[in-house]
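*Asks:* for reference, the sequence and a predicted model appear below.
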Protein chains: 2
Amino acid sequence: MTKPEDPNRVLIFDTTLRDGEQSPGISLNTQEKLEIAGQLARLGVDVIEAGFPITSPGDFEAVQAIARTVEGPVIAGLARTHVADIDAAWNAVKDAPRPRIHTFISTSDIHIEYQLQTTREDVKGQARAAVAHAKQYLDDVEFSPMDATRADVEFTAEVCQIAIDEGATTVNIPDTVGYTMPHEYSAFLTRLYELVPGLRDVVLSVHCHDDLGLAVANSFAGVRAGARQVECAINGIGERAGNASLEEIVMLLHTRQADIGLHTGVNTREIARTSRLVSRLTGYSVQPNKAIIGRNAFAHESGIHQDGVLKERTTYEIMDATTVGLEANSIVLGKHSGRHALQQALAELGFEVSGQTLNTAFKRFKEIADKKKQVTAMDLEALLTDELRGEVVGYQLEWFDVEASSRRPPHATVGIRTPEGEEVTGSFTGDGPVDAIFRAINAATGSEAKLREFRVDAVTGGQDALGETSVVLELGGVTGSGQGVSTDILEAAGRAYVRALSSAVRRQGVTAEAEAATEAAPEPISAP
Amino acid sequence: MTKPEDPNRVLIFDTTLRDGEQSPGISLNTQEKLEIAGQLARLGVDVIEAGFPITSPGDFEAVQAIARTVEGPVIAGLARTHVADIDAAWNAVKDAPRPRIHTFISTSDIHIEYQLQTTREDVKGQARAAVAHAKQYLDDVEFSPMDATRADVEFTAEVCQIAIDEGATTVNIPDTVGYTMPHEYSAFLTRLYELVPGLRDVVLSVHCHDDLGLAVANSFAGVRAGARQVECAINGIGERAGNASLEEIVMLLHTRQADIGLHTGVNTREIARTSRLVSRLTGYSVQPNKAIIGRNAFAHESGIHQDGVLKERTTYEIMDATTVGLEANSIVLGKHSGRHALQQALAELGFEVSGQTLNTAFKRFKEIADKKKQVTAMDLEALLTDELRGEVVGYQLEWFDVEASSRRPPHATVGIRTPEGEEVTGSFTGDGPVDAIFRAINAATGSEAKLREFRVDAVTGGQDALGETSVVLELGGVTGSGQGVSTDILEAAGRAYVRALSSAVRRQGVTAEAEAATEAAPEPISAP
């Protein structure tokens, strides 16, 4: 990607599907990643880092599918400096209209010594070879000196100079461990500009982690120091405390544009929906007091705040909720709404659905509409993402019966359809009704899965809310996660559990493949 | 509180119980506030802002109880500039060994014009009178020019000068709407120091909101500009996107102490427990990727990160999990553990329990131990906070029976003990088993409560985890919240619902009183 002509344009590089997906317990399948990538394109991000293709066949397949179908943003694949990594990244992204290879190697002595177990000279050689190799395939190459903020600035500058000499078009300075502070990061970048004058001819990028709560502030300091690409993730997910939140850095630049003079290409009205989609598919909740997208971000409790807002909105509001897409939903369907109304409503939400998928969605919609007076846009989003998950081959919950009482232990019986199409049943008397269902599913499928985490959220307010459950379980050392939606919490829990189980079984297969593959390359896989 | 002699000591002013408690849906009773205040004292904060005494009899009572019993920190009460506010604050805090009155008035024209509907001259007069009146009662007076960051700096300086002339010992500069940026806030404070030389003789304080994700970075910029008090809240709760997170600003100063040279008096090992307690009692979850205290803040997913951490901890970790109290719990009790072992384990956790409370806790412990192999420190924390809630007079869930199935609508029957000691029963056939229980409780109690929110968390991992549920409901325009803990999710949900109902009924009473009180002072209640 060439440098934008407008010097005030800040590029948004979304790494939800790469660094975000590295979060513990998140395991998105290709269909879910495609759904998120499609929404990121609607959001208007400039670059989607779709994955790290060398790490697994599943990751490769997802990056390739996104490169082939998602229109608009640059599609990037991550690669270490190894030839095999860069080849895998290229093969995964090459069908995109605008592909990018993003390669990286650490420049901090602590990483060079303990992680890479090599020398500074070798790092320079690897950086040079990697960028040169990538440039044989395409023009748009990004280079990152990993752990740069804990590295010697002079050495990091040397490595960046090499990457630029070889043709890197973007140079990204990661704060890999979330250690830096705004003034320190700003000084580091300013010094890099002095040491590497050619940095002015490429796009300088920032990639900050939130371990000390400063990811957005550090990214912002970087932008003020001259960076024009921000690497960030929806809901701030990512390794440990995550990456800079896309929604925060975008709304900061948007809200303070008059003072800062910078802008992005993001359609802010898509922020809330993107946040909900990512939260739902990853099973990662957003806390109520999360900036921009938390349930309370625009809510006022204390008397005077409410009073002030009524008198003059700007007394206590610096942003309008509609700007981030939190307007009251205009779409409301009921039990008499037909297939065409559903299709239209889904189209308004950005889901183009027809044929068998529409039939399935309509059947589920009718089931819900029978129990719920009004089906809103948020309900439809939840149902449709639930259906997306359902299309993956795996176990299916066919039926269940539960008796629970404070006066005797709860008992559950379930019927499960196996991937082979057979119906198996199991029952269990447990400590609680959910526990009883989960163990009845284990009994039916003959699995030894152990529950690691269980969470329930009401998707929409009110007494007849849809319940959305998330399950993380462990099966023979592999974790699997799944979600389920229903007005019945026990049904939602059962659905989530069988999906988590299916995901763990699938991952066991992938892990076996990956283990076979890494016999050739026993080194562990890394990322900024 | 006089200014600390050590110029590098940063005071931590915790506003979890004041600004934090202003979050929508949070409704802590006096006992819960006392529990949090006691834990804040163990955490080692310098000041606890315990509430806003004029706003309700309940708030007054809680501040007074904390002032009378919690040892260590300064206990502050918030007050507008009105005589009645300051008198209420004084009466609430006067029994504390070290009381503080914190009074405030807006200096931004937008607030003066639309909110206060007065003039700059009047604001100066009110500020002067308020500080003078407070000083008649005590020495330790804090003054805040509300919405200062959107105010004219010269006018704000005039008002601060007046407050200092009248004897204010702390001057706090709130970014009430979360609008400022680190460099802007720093410049504002630097200019204030120039305009008000006397500011150097008092403690300058910062109070930042997180609407743009910059609360911690702005607070940090303030400290670097000379502030030596940071107002913050556990888990970053507070109005809208909340306040600066106490745990983030403290761990930032701690982790980068060698470079910044500042320190706090916080015992960082109490951070994790304090966070869990506040999350549990407020019903506000912490997202997995929240810095410092999120479930993943210290977790590594990608291969190389794990590998690096195994080779050398510092390759990917800048903080040690034990520093914030996340060490593996050493306390594990089982079904054969006795009353004395329980008492000792609770004492290790900082809960001094004896007599009837110990008996009740022991009974609940035995119930849980019968269902769970190992009862850990986190289980005990959950149980004990559950018991604390139980002591409030209200409805009690005596028993329930639920039948749920995918093949017919779920049916629930419940037995409820009313505050008057009578047992009433109700039953309902609902859309889901939780819905059926909730509506059966409505039927039994003859209430028309509507569910606003329902959430479930597993307190501890594993198949036999305790489930913790949170309910927010609305009853005649008043919201109530409640939590419940059990290995049975339906029992936990039922307990949470009856507590939320009890809380709403209690608040209806308080609102009626407050409405009567505000006929004399019809103006709405405000806070920075």
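*Replies:* Good, I have the coordinates. Numbers count the residues shown, from 1 in each chain, chains lettered A, B, ... in the order given.
*Asks:* A:Phe13 contacts A:Pro73, correct?
*Replies:* No. With contact defined as C-beta atoms under 8 Å, A:Phe13 does not count as touching A:Pro73 (9.1 Å). All C-beta spots, glycine's among them, are computed from the backbone N, C-alpha and C.
*Asks:* joint contacts of these two?
*Replies:* Residues touching both A:Phe13 and A:Pro73 (C-beta atoms under 8 Å, 6 or more residues apart in numbering or on different chains): A:Val45, A:Asp46, A:Val47.
*Asks:* how far away is the closest residue to the second one other than its chain neighbours from B:Val278?
*Replies:* In space, and not counting its chain neighbours, A:Asp46 is closest to A:Leu11: 4.2 Å by C-beta to C-beta, 6 or more residues apart in numbering or on different chains. Computed as C-beta to C-beta, to the nearest Å, the A:Leu11 to B:Val278 distance reads 38 Å.
*Asks:* just for the stretch 151-300 of chain A, where's the confidence low?
*Replies:* A:300 (pLDDT under 70).
*Asks:* typo on my end, it should be the stretch 301-450 of chain A
*Replies:* A:301-311, A:327-331, A:350, A:371, A:373, A:385-393.
*Asks:* so which residues of it form helices?
*Replies:* A:303-311, A:339-348, A:355-371, A:377-390, A:433-445 (DSSP state H, counting those that start in this stretch).
*Asks:* and these: which comes nearest chain B?
*Replies:* The minimum distance between chain B and those falls on helix A:303-311, with 2.8 Å, by C-beta to the nearest C-beta.
*Asks:* related to what we said a few turns ago, more neighbours: which of A:Leu11 and B:Val278?
*Replies:* Remark: of A:Leu11 and B:Val278, B:Val278 carries more neighbours, 27 against 22, as counted by other C-beta atoms under 10 Å in any protein chain shown.
*Asks:* quick one: contacts for the residue nearest to the more buried one when sequence neighbours are not counted?
*Replies:* Nearest non-adjacent residue to B:Val278, counting by C-beta to C-beta, 6+ apart: B:Ile234, 4.3 Å away. Going by C-beta under 8 Å, 6+ apart, B:Ile234 touches B:Asp14, B:Thr16, B:Gly20, B:Ile36, B:Leu40, B:Ser245, B:Leu246, B:Glu247, B:Thr274, B:Ser275, B:Val278.
*Asks:* quick one: which two of those residues are the most distant?
*Replies:* The distance between the two most remote of these (C-beta to C-beta) is 15.5 Å, for B:Ile36 and B:Ser245.
*Asks:* what's the closest non-adjacent residue to the residue lying farthest from the centre of chain A?
*Replies:* No residue in chain A sits farther from the centre than A:Arg407, which is 43.7 Å out by C-alpha atoms, centre = their mean. What sits nearest to A:Arg407 in space, not counting adjacent residues and going by C-beta to C-beta, 6+ apart, is B:Trp399, at 6.1 Å.
*Asks:* any idea how far that neighbour is from B:Ser447?
*Replies:* For B:Trp399 relative to B:Ser447 (C-beta to C-beta), the value is 19 Å.
*Asks:* just to revisit the earlier point, if I read this right, the residue nearest to A:Asp46 contacts A:Val203, doesn't it?
*Replies:* Yes. With contacts defined as C-beta under 8 Å, A:Leu11 counts as touching A:Val203 at a distance of 6.6 Å.
*Asks:* about what we covered before: out of the shared contacts of A:Phe13 and A:Pro73, grab the one that's most surrounded.
*Replies:* Neighbour max across the shared contacts of A:Phe13 and A:Pro73 (other C-beta under 10 Å) = A:Val45, 30 neighbours.
*Asks:* could you list every residue that touches it?
*Replies:* Neighbours of A:Val45 in contact, by C-beta under 8 Å, 6+ apart: A:Ile12, A:Phe13, A:Asp14, A:Pro73, A:Leu246, A:Gly265, A:Val266.
*Asks:* quick one, phi/psi of it?
*Replies:* Note on A:Val45: its backbone torsions stand at phi -70, psi 160 [degrees, to the nearest 10].
*Asks:* return the distance of it relative to A:Ala151.
*Replies:* 28 Å.
*Asks:* now do the SS call for the residue of the stretch 51-200 of chain A found nearest chain B.
*Replies:* Closest approach between the stretch 51-200 of chain A and chain B, counting by C-beta to the nearest C-beta: A:Tyr114, at 3.8 Å. Look at A:Tyr114: counting by DSSP: H, G, I helix; E, B strand; the rest coil, its state is helix.
*Asks:* can you redo the helices of the stretch 301-450 of chain A as a markdown table, where the extra columns are mean neighbour count and distance to B:Ala504?
*Replies:* Conversion of the helices of the stretch 301-450 of chain A to a markdown table gives the following (neighbours: other C-beta atoms under 10 Å in any protein chain shown; distance: least, C-beta to C-beta, whole Å):
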| stretch | mean neighbour count | distance to B:Ala504 |
| --- | --- | --- |
| helix A:303-311 | 19 | 18 |
| helix A:339-348 | 16 | 35 |
| helix A:355-371 | 16 | 25 |
| helix A:377-390 | 21 | 25 |
| helix A:433-445 | 25 | 26 |
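*Asks:* which of those helices sits closest to B:Thr30?
*Replies:* Nearest of these to B:Thr30, taken as C-beta to C-beta: helix A:303-311 at 20.6 Å.
*Asks:* am I right that A:Val485 falls within a strand?
*Replies:* Yes. A:Val485 forms part of a strand when assessed by three-state DSSP.
*Asks:* tell me the pLDDT at it?
*Replies:* Here, the pLDDT recorded for A:Val485 equals 81.
*Asks:* counting neighbours, what do you get for it?
*Replies:* 25.
*Asks:* wait, doesn't it sit right on A:Leu383?
*Replies:* Yes. Look at A:Val485 against A:Leu383 with C-beta under 8 Å: they come within range, at 6.4 Å.
*Asks:* shared neighbours of those two, anything?
*Replies:* A:Leu466.
*Asks:* chain B contacts on the stretch 51-200 of chain A?
*Replies:* Counting by C-beta under 8 Å from any C-beta of the partner chain, the residues of the stretch 51-200 of chain A close to chain B are A:55, A:110-111, A:114-115, A:176-179, A:181-184.
*Asks:* got a markdown table for those residues, with secondary structure too?
*Replies:* Output for these, formatted as a markdown table (three-state DSSP):
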| residue | secondary structure |
| --- | --- |
| A:Thr55 | helix |
| A:Ile110 | helix |
| A:His111 | helix |
| A:Tyr114 | helix |
| A:Gln115 | helix |
| A:Thr176 | coil |
| A:Val177 | coil |
| A:Gly178 | coil |
| A:Tyr179 | coil |
| A:Met181 | coil |
| A:Pro182 | helix |
| A:His183 | helix |
| A:Glu184 | helix |
